[in-house]
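J.: please find the sequence and the predicted model below.
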Amino acid sequence: MADSIITFKVIAKELAASDGAYATFMPRPFGDRHGSGMHTHMSLFKGDENAFFDADDELNLSEVGRHFIAGLMRHSADICVVTNQWINSYKRLLPGLEAPIFASWTTGNFGDLLRIPSYRPGREESVRVEYRAPDAAANPYLLFSVLLAAGLDGIENKLPLPELIEDDVFQMSDIELSERGVARLPRTLDEAIRLAEESDLLKKALGSTVFTNLLANKRLEWQDFSNTVTDYELARYRHL
């Protein structure tokens, strides 16, 4: 699947260029529009059977599926440096843009981190979880590796799944969010890097070499960003 995504990106850029246009996969290319997400749908199969399906569950979601979701929620902040690996990524993760800023799960809302699409009778193989944090600029090879690792960690350790959130998380107070066990995702690349540095799961999923090089690269990116003085800043201080 990662190969297919890279192939698609190359073809899209080439076709755009042939018409004198430019295809971008920048997470938030325009300040007055929503960003470009890469919502990732996942399910696990045991042979020909969908391990996420349970006919007796209210949501048709099995215990395996619930533990998988719990793992994704537990590690969502740790793996943000992979799911959202650019400075611009965090200009997409803002309220009102149908992009998640909290680690919550739901069946209908489009601003939560995880969504369980509605089950259609006779479509057991389609029961899945949609992870909505990743953006279109993410490295798909690293992305799929860490998402799978996080979900499997939830299964292996039988992590408990927090309660389903059907209310609008953006309308909840910090106290309400805390009481319902809803954590906030990193707000900047710098915060994501600091959380990733302490993540044993991330290091195990990527391997020590990739883990070390990725974080070193991201630290340089943040340092360059922090040292850059923009035209806006110069113009503003001229008028003070």
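T.: Received, thanks.
J.: the closest residue to Gly154 other than its chain neighbours and Glu58: what is the separation?
T.: Closest residue in space to Gly154, ignoring its immediate chain neighbours: Gly71 at 2.1 Å, by CB to CB, 6 or more residues apart in numbering. From N, CA and C alone the C-beta is placed, and that goes for glycine too. Using CB to CB, to the nearest Å, Gly71 is found at 21 Å from Glu58.
J.: same check, this time on Gly96
T.: 30 Å.
J.: by residue count, what's the longest helix in this structure?
T.: Using DSSP state H, we find that the single longest helix of the chain is helix 208-227.
J.: that one - contacts with which helices or strands?
T.: helix 80-83, helix 189-197, helix 200-206 (3 or more CB pairs under 8 Å, 6 or more residues apart in numbering; DSSP states H and E).
J.: coming back round to it: I'd like the average pLDDT over the strand or helix carrying the residue nearest to Gly154.
T.: Element membership for Gly71 (DSSP states H and E) is helix 63-75. Summarised as a single mean, pLDDT over helix 63-75 is 94.
J.: pLDDT weak spots in this structure?
T.: Along the chain, segments meeting pLDDT under 70 span 109-110, 239-240.
J.: what's the distance between the residue nearest the centre of it and Glu221?
T.: The residue lying closest to the centre of the chain (CA atoms, centre = their mean) is Ala133, at 2.5 Å. From Ala133 across to Glu221, the span is 19 Å (CB to CB).
J.: wait, what's in contact with Leu113?
T.: Residues near Leu113 by CB atoms under 8 Å, 6 or more residues apart in numbering: 72-73, 76, 100, 102-105, 131-133, 185.
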